[in-house]
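just to be clear, the model below is a prediction. Sequence and coordinates:
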Amino acid sequence: MQKFAKMVIDKDFRISEIDKRVYGSFIEHLGRAVYEGIYQPGHPTADANGFRRDVMELVKELNVPIVRYPGGNFVSSFVWEDSVGPVEQRPKRLELAWRSLETNEIGVNEFAKWTKAVGADVMMAVNLGTRGVADACNLLEYCNHLSGTKYSDLRISHGVKEPHNIKVWCLGNEMDGPWQLGAKTPVEYGRLACETAKAMKLIDPTIELVSCGSSNTGMPTFPQWEATTLEHTYDYVDYVSLHQYFGNRDNDTEDFLALSMEMDHFIKTVISVCDFVKAKKRGKKDINLSFDEWNVWFHSDAEDDDTMKNRPWQHAPALLEDHYTFEDALLVGLMLITLIKHSDRVKMACLAQLVNVIAPIMTEKDGGAWKQTIYYPYLHASRFGRGIALQPVLASSKHDTKSYTDVTDIDSVAVWNEEADELTIFAVNRDLKDDIVLTCDIGNFEGYGLIEHIVLECDDLKAANSALRQTVAPKAGTETKVDGRTVTSNLHKASWNVIRLGRK
Ligand code: AHR
C-alpha cells in the first residue's frame, strides 16, 4: 500500500490553549542532578552561589517554565528542615531512596534562587512517605507565609525576606510503589492526602495541589488507585499525577516508537477516572492531569542497581545517567505530540529529569555541559509549541508492530501562536524504511508562508551525543513547499520535524 499522510489544520478547530507548564521538568536530589549538575562551586563557570552558568544557559535556552523538586523517591524521606539555615550547620544524612549521602548543601532556599535565575517556577513536593500533615504545613508556612509566624520568621532569619510564593505542590510521590519509603494503600494515601490538602489550603488558598496517581500503568492497582484516592481528595486537589517511562529493552525500534500510543491510552484512562469521580461526587470542577514524570529510561538500569547495591552512601554518584540515542529522541518527540494533543486536560508535565539524571543536559565534572539527543525535540516543543493546540484531522497509512496494531506512520499536531502569528506543525515519521509526504490543508491560515523546516534525523538509530560530539543535531529541511493553502513536506524516514509557518 502507498504510504501517505494528510492533515487539515483550521484555526477554529481547537483543542485548547496550551498551558506552558506542560513543558516543565524535574530536578531531584539524585545522582549528579543537583551536585555537579546545577551546583558545583569551584567549577570555572560557577557563579557566586556555586551554580553552573553553562547549565543555566542551556536551561534558559529550553525556556523551562516549572521545575519539580526535590523528588521523586527522594521526597519520601526528605526532612526539609535539614535543608535550610546556615549551610555549615546542616546535617549529612543517609538518603535511603537512592542509597546515597545527602549533604544538604542545596536546599529549599537555594533551589528557589536557582529557579528564579533560570526564569522558572518551583513545583514543590511534600513528604507523605515518612512524614505527614504537620510537616507539609510547616514547609508551606516557611515558603509562602509573609511573616510573623514561627516558620515564616524562621525563613526570614535564614536571610530570605520575601516568601517564595510557590503555587504548585505535589502531595507525595508514587505512594503506590512498593519501593517508596512509607508506601501506602489507596485508602491510607487518600485519607492522608485529603487531610494534608485541606490543611495546606487553609494556610494558602491560592495554591494548586497534585494528588498522587499510579506510578505507571503496569501497577496492579491502576486505575483503581486513582478512583479510590480521588474519592478522598477530590474536594481539595486540582490535579492527579501520571508517571511513565519507556525503554527499548527488546531492541525492537518499531515497537518502541509505538509506545506513545500507550501514553495516549494512559491519559485517556486517567481522564475517564477523574470524570467518573466528578460525576459520583456530583462535582462541579474537573480534575486535570499533571504528567509530572515522563521520559525514556532504561539504559542505565544494570549499572544503577550495581552502584546502589555494592557501592552505597556515595555523595553525588553517577546514577540514572542514560545516554540517549537518536531513536530515544524520536519517542520523546512522539510523547510531546501526545501531550500537546491532550492539552485540554494535561495542564502540567515534567520531562524527568533535567540535568545528568535521565536528562537532556549532561555535565562533565571537569568540563562543559552538553546536549543529549532528547534535548532537541524538547527545545522545539517548548519554544514553538506555545499557543493554541489545534485539533489534528490526520489520516496516515499505518503499520503493525509486535505489540500494537494500526500504528500511524506519521503522528502530528499543529500549534497556533496567535500573538506571533505563527503556525507550527510537529510531525514524526516513525516509518523506518520510507520517506512519506505529508500534505496539509491549512485552510484559513491564508497568506502564511514557510519560515523554516527543522529536521532531526540520523542514519544510525543508536547514535548518541557526547561531550565531544553532537552527532545528533537539528538541521534545515529543504523539502517543504507552501502553495496557497497546501503545505507539502517530504518527511524523511525516522525523523522529527518542525515546520514553522508565518504570515508572509
Ligand atoms: O525520576 C526517577 C524516579 O522515577 C523518581 O524518583 C521516581 O518518582 C520515579 O520512580
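On my side now, so go ahead.

can you list the residues that contact stretch 475-482?
Applying CB atoms under 8 Å, 6 or more residues apart in numbering, the contact partners of stretch 475-482 are 442, 448-450, 452-457, 487-490, 497, 499, 501. Every C-beta, even on glycine, is put in place using the N, C-alpha and C of the backbone.

just want the residue of the stretch 251-400 of the chain that's nearest the ligand.
Closest residue of the stretch 251-400 of the chain to the ligand, CB to the nearest ligand atom: Ala352 (4.3 Å).

what packs against the longest helix along the chain?
Longest helix in the chain, counting residues (DSSP state H): helix 260-280. Using 3 or more CB pairs under 8 Å, 6 or more residues apart in numbering; DSSP states H and E, the elements in contact with helix 260-280 are helix 224-233, strand 239-246, strand 288-296, helix 326-341.

list the buried residues in it.
Residues of helix 260-280 classed as buried: 260-264, 266-267, 269-271, 273-274, 277-278 (neighbour count, 16 or more other CB atoms under 10 Å).

which stretches of the stretch 251-400 of the chain aren't confidently modelled?
By pLDDT under 70, the stretch 251-400 of the chain contains no weakly predicted segment.

that one against the ligand: which residues are in contact?
Taking CB under 6 Å from any ligand atom, the part of the stretch 251-400 of the chain that reaches the ligand is made up of Glu293, Ala352, Gln353.

so the second one sits against Phe26, correct?
Yes. Contact between Ala352 and Phe26 holds when scored by CB atoms under 8 Å: they sit 4.5 Å apart.

shared neighbours, these two?
Arg68, Gly72, Asp292, Glu293.

which strand residues bridge the last one?
The partner list for Glu293 in beta bridges (DSSP bridges) reads His243.

burial of it, as a residue count?
Neighbourhood size, Glu293 [other CB atoms under 10 Å]: 25.

going forward, begin numbering at 52 instead of 1
Sure thing, new numbering starts at 52, so read that last one as Glu344.

what sits against it?
Contact analysis of Glu344 by CB under 8 Å, 6+ apart lists Phe77, Arg119, Gly123, Ser292, Leu293, His294, Gln295, Tyr296, Cys401, Ala403.

quick one: the closest residue to the ligand within the stretch 452-555 of the chain from Glu372, how far?
Residue of the stretch 452-555 of the chain nearest the ligand, by CB to the nearest ligand atom: Ala515 (19.8 Å). In this view, Ala515 and Glu372 are 12 Å apart by CB to CB, to the nearest Å.

end-to-end on stretch 135-143?
This stretch, stretch 135-143, spans 12 Å end to end (CA to CA, to the nearest Å).

could you do stretch 272-292 as well?
End-to-end distance (CA to CA), stretch 272-292: 15 Å.

residues of it that come out buried?
Using 16+ other CB under 10 Å as the burial criterion, the residues of stretch 272-292 that qualify are 273-274, 276-285, 287-292.

let me see the contact set for the closest residue to Pro137 other than its chain neighbours.
Once flanking residues are discounted, Pro137 sits nearest to His209: 8.0 Å by CB to CB, 6 or more residues apart in numbering. The neighbourhood of His209, defined by CB under 8 Å, 6+ apart, consists of Val135, Gly136, Pro137, Asn160.

what's the burial count for the first one?
Okay, so that is Val135. Residues near Val135, counting by other CB under 10 Å: 21.

same check, this time on the third one
Neighbour count of Pro137, defined by other CB under 10 Å: 8.
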